[in-house]
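>>> below are the sequence and a predicted model; questions follow.
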Amino acid sequence: MARDDDDDDDGLPPLGENTDKFLDQAKKGQARNFLLVCKGNKVKYLAVRKKPIKKNELNEAKKSGYKGEGYFGVITGKGMELVFNLSTADGYTAEPVKDKILKDFLEEKADFKCKPSIAIVATLPAVPFDDEELNNPLIARFLGLDVLIAQVLDINPAAEAELGKTTSGIRLLLQDGEFQTAEPSINTLETRLQELLNGAPPNIPVPPSPLGPASNSQPIPPAPPVPPSTTAPTAPAPTVDNDALKLKLQEALNKLVPQLKQAVVTYPDKKVELLTPVAQIKKQMDSGDLQEAKKGILAVGQLLKSVMSQAATTPSTSESQQQAVDPLRAEYERKLAALQPLYDQALKEMLGDTGKFRTVMTYAKEQAEATVFSNAIQAIDRLSVAIQQAITVGAGANTSSGTISIAKLGKARLEWRQVKIAAMGGIKRFIDKLKEEFGDDQEQQIQLQRAIEKLESIMLDFDDSLADALDSVLNASGDAQQNAATSIAKEKMSEFIGKIDSDEVMRSIDGNSLMPELLVCAPMRARLDDIAAAFG
């Protein structure tokens with residue numbers, strides 16, 4: 001960005017290097033990072049890239065003579081409908097310029113025609129990895145954690161904000177090629193996921209204030225570690241009675257979860273006191289110490305009664321405060337009811353960045369539960385705009401026959417690639433474990449070698465043919481070609497589903513006794529179901 005001889009910043013180049021190329025990629029549906037420099041109601045500079053744009057680039061631009069405020073975000077959408085996303089997490093609370101000003105700038109300075117819109121979102125959409133990046137083992141390892149993250153969110157949806165922030169940071173490091181910095185972060189994430197699976201409470205991030213961070217704000221302290229017992233409990237041999245008792249204890253604990261959530265929202269200062277025993281109970285149940293777990297559940301129930309009984313003696317909200325809350329509550333509930341059908345449609349049809357949609361919806365509901373309805377309403381409004389845009393783009397991406405969603409198929413194709421790479425890594429670890437177990441047993445080694453060859457045949461040879469078939473559908477130029485390619489792809493996919501469901505070797509991987517935590521077939525099966533859904 002060399003400075004022009006003219007001191008007026010209007011004489012400076014308006015576009016960053018290769019921005020026109022990356023704008024074309026965005027038009028094809030590939031999310032891209034951008035830096036926008038605006039002065040007053042004018043756009044002065046735009047840089048678009050695949051890799052993250054670092055904050056110091058704005059400082060370099062200003063040293064070169066560019067004047068104005070910088071805005072970092074991600075472009076999403078496809079075709080003429082492009083969305084320039086800015087995040088409240090980065091401190092952006094309003095659009096820097098009107099959509100038409102950005103549209104005119106793109107036409108005049110970049111000879112690029114589209115219908116851009118600027119959206120303020122809670123979390124920026126992710127920029128997907130390309131095929132070359134997916135071959136990197138560290139990236140494959142990171143993407144392989146998606147299955148574990150899904151398991152955590154199934155049992156603890158409140159962890160979505162924490163995990164979203166962590167994974168976004170790691171993704172940026174990997175896309176920028178900073179692998180040495182990213183690897184320790186991935187190690188920490190893996191440890192944290194295990195903690196959450198074992199019952200540790202999530203770290204609830206404090207939403208950014210529009211006036212900036214308060215000087216006296218304090219982070220929520222993490223739950224203190226449970227001190228180790230002086231004597232390690234001996235897990236009893238599994239019996240029918242133990243299994244039945246464990247099931248009853250799990251049901252009793254599940255019944256307490258809604259009350260615990262309500263108590264934590266109502267009394268945030270009691271969070272550690274309420275959730276720490278729950279983490280201990282889950283550890284006791286996993287180790288087979290069921291009698292201690294039973295005592296713990298009874299103790300948590302008594303603690304809940306004690307905490308909630310305080311509500312009866314605590315002075316209620318003043319009448320004037322309640323009058324202020326009620327209209328906002330009504331507005332929130334009305335907007336949520338109107339958005340819910342669209343939200344459900346977007347998740348069901350995988351339109352837009354569904355992961356971010358879930359994050360924003362979780363945040364809105366948490367704010368509503370805490371009676372901060374102004375924040376909840378803002379989140380619902382932003383989510384409504386993003387979902388409507390996603391549905392519009394998704395509808396335009398469908399083929400003329402209306403039976404195949406190209407947008408959904410392309411997304412499912414990429415996710416299948418990611419899951420397959422993670423599955424291959426899991427199978428390799430499983431085979432290494434088997435080799436350790438077999439030792440020098442030649443007969444077992446021969447059987448293992450046959451199993452390895454069978455797995456390679458299923459996973460590698462077949463996946464190549466499926467990938468080629470899906471690419472043929474995506475690249476077909478007409479309905480006739482697309483129908484023919486779809487028929488072949490469905491046949492390949494059906495064949496693979498049959499192997500996963502019926503093959504003895506494949507079925508022996510998930511839930512095996514050597515690595516009970518390993519999941520290979522289930523994630524692949526789920527992604528194949530997504531591809532089937534895209535075919536209508």
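Structure's in. What do you need? Residues are numbered from 1 along each chain as shown.
>>> pull the residues that contact the strand with the most length in the chain.
Of all the segments of type strand in the chain, defined by DSSP state E, the longest one is strand 69-78. Outside strand 69-78, the residues within contact range by CB atoms under 8 Å, 6 or more residues apart in numbering are 23, 26-29, 31-39, 48, 53, 55, 58, 61, 82-87, 90, 92, 96, 124-127, 352-353, 389, 393, 396-397, 407. All C-beta atoms are positioned from the backbone trio N, CA, C, and that covers glycine.
>>> equivalent analysis for stretch 175-189, please.
50-52, 54, 127, 129, 133, 136, 138, 141-142, 145, 163, 166-167, 169-170, 173-174.
>>> show me how to select, in PyMOL, the buried members of those residues.
Selecting just the buried residues from the contacts of stretch 175-189 in PyMOL takes one command, with 16 or more other CB atoms under 10 Å as the test:
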select buried, resi 50+52+127+129+133+136+138+141+142+145+163+166+167+170+173+174
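>>> mind listing which of the contacts of stretch 175-189 are in strands?
With strands defined by DSSP E, no entry of those lies inside them.
>>> check the contacts of strand 69-78 for burial and list the buried ones.
So, of the contacts of strand 69-78, 23, 26-27, 29, 31-39, 48, 53, 58, 61, 82-87, 92, 96, 124-127, 352-353, 389, 393, 397, 407 end up buried under the neighbour-count rule (16+ other CB under 10 Å).
>>> show the backbone phi and psi for the residue positioned nearest the centre of the chain.
Most central in the chain under CA atoms, centre = their mean is residue 355, positioned 4.5 Å from the mean C-alpha point. The phi and psi values for residue 355, taken as degrees, to the nearest 10, are phi -60, psi -40.
>>> how much space between it and residue 369?
Using CB to CB, to the nearest Å, one gets 21 Å for the distance from residue 355 to residue 369.
>>> same question, residue 34
Shown here: residue 34 relative to residue 369, a distance of 35 Å by CB to CB.
>>> now residue 513
If you go by CB to CB, the gap between residue 513 and residue 369 works out to 42 Å.
>>> and those two? Which one has more around it.
Residue environment comparison for residue 513 versus residue 369 gives the larger neighbour count to residue 369, 14 against 6, counting by other CB atoms under 10 Å.
>>> what's the more buried one sitting at in phi/psi?
Reported as degrees, to the nearest 10, the phi and psi values for residue 369 are phi -60, psi -30.
>>> please report how far it lies from residue 14.
Residue 369 sits at a distance of 46 Å from residue 14 (criterion: CB to CB).
>>> with residue 45 instead?
From residue 45 over to residue 14 (counting by CB to CB), the distance is 6 Å.
>>> which residues in the protein form strands?
Using DSSP E, strands in the chain cover 32-39, 42-49, 69-78, 81-87, 115-121.
>>> summarise which helices and strands the fourth one is packed against.
It refers to strand 81-87. Other helices and strands packing on strand 81-87, by 3 or more CB pairs under 8 Å, 6 or more residues apart in numbering; DSSP states H and E, are strand 69-78, strand 115-121, helix 373-397.
>>> most packed of these?
strand 69-78 (a mean of 21; mean count of other CB atoms under 10 Å).
>>> restricting to C-alpha, output that one in CSV.
Backbone C-alpha positions of strand 69-78 (Å, rounded to 0.1, in the frame of the first residue of the first chain) are rendered in CSV as follows:
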residue,chain,number,x,y,z
GLU,A,69,-11.7,3.6,11.1
GLY,A,70,-11.0,-0.1,10.3
TYR,A,71,-13.5,-2.9,10.3
PHE,A,72,-12.4,-6.6,10.2
GLY,A,73,-14.9,-9.3,9.3
VAL,A,74,-15.9,-12.2,7.0
ILE,A,75,-17.9,-12.2,3.7
THR,A,76,-20.5,-14.9,3.3
GLY,A,77,-23.3,-15.6,0.8
LYS,A,78,-23.3,-16.5,-2.8
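>>> now the longest strand of the chain: how far from the chain's centre is it?
A distance of 19 Å separates the C-alpha centroid of strand 69-78 from that of its chain, computed with CA atoms, centre = their mean, to the nearest Å.
>>> so it versus strand 32-39, what angle?
On the basis of axes from the mean of the first three to the mean of the last three CA atoms, to 10 degrees, strand 69-78 is oriented at 140 degrees to strand 32-39.
>>> quick one on the thing from earlier: can I get the strands of the chain in a markdown table with mean pLDDT?
Rendered in a markdown table, the data for the strands of the chain read as follows (pLDDT from 0 to 100):
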| stretch | mean pLDDT |
| --- | --- |
| strand 32-39 | 91 |
| strand 42-49 | 91 |
| strand 69-78 | 89 |
| strand 81-87 | 88 |
| strand 115-121 | 86 |
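>>> for those, give me JSON lines that also has distance to residue 382.
Supplementary listing: the strands of the chain in JSON lines, determined by distance: least, CB to CB, whole Å:
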{"stretch": "strand 32-39", "distance to residue 382": "18"}
{"stretch": "strand 42-49", "distance to residue 382": "22"}
{"stretch": "strand 69-78", "distance to residue 382": "13"}
{"stretch": "strand 81-87", "distance to residue 382": "10"}
{"stretch": "strand 115-121", "distance to residue 382": "6"}
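>>> so for residue 467, which of those strands sits nearest?
Using CB to CB as the measure, strand 69-78 is the one of the strands of the chain that comes nearest residue 467, at 21.8 Å.
>>> ok, the closest one: who's next to it in the sheet?
strand 32-39 (antiparallel), strand 81-87 (antiparallel) (DSSP bridges).
>>> mind saving the C-alpha coords of the shortest one as CSV?
Coordinates of each C-alpha in strand 81-87 appear next as CSV, following Å, rounded to 0.1, in the frame of the first residue of the first chain:
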residue,chain,number,x,y,z
GLU,A,81,-26.2,-11.7,-2.3
LEU,A,82,-23.1,-11.1,-0.3
VAL,A,83,-23.0,-10.4,3.5
PHE,A,84,-20.2,-8.4,5.1
ASN,A,85,-20.3,-9.8,8.7
LEU,A,86,-19.0,-7.8,11.6
SER,A,87,-19.0,-9.2,15.2
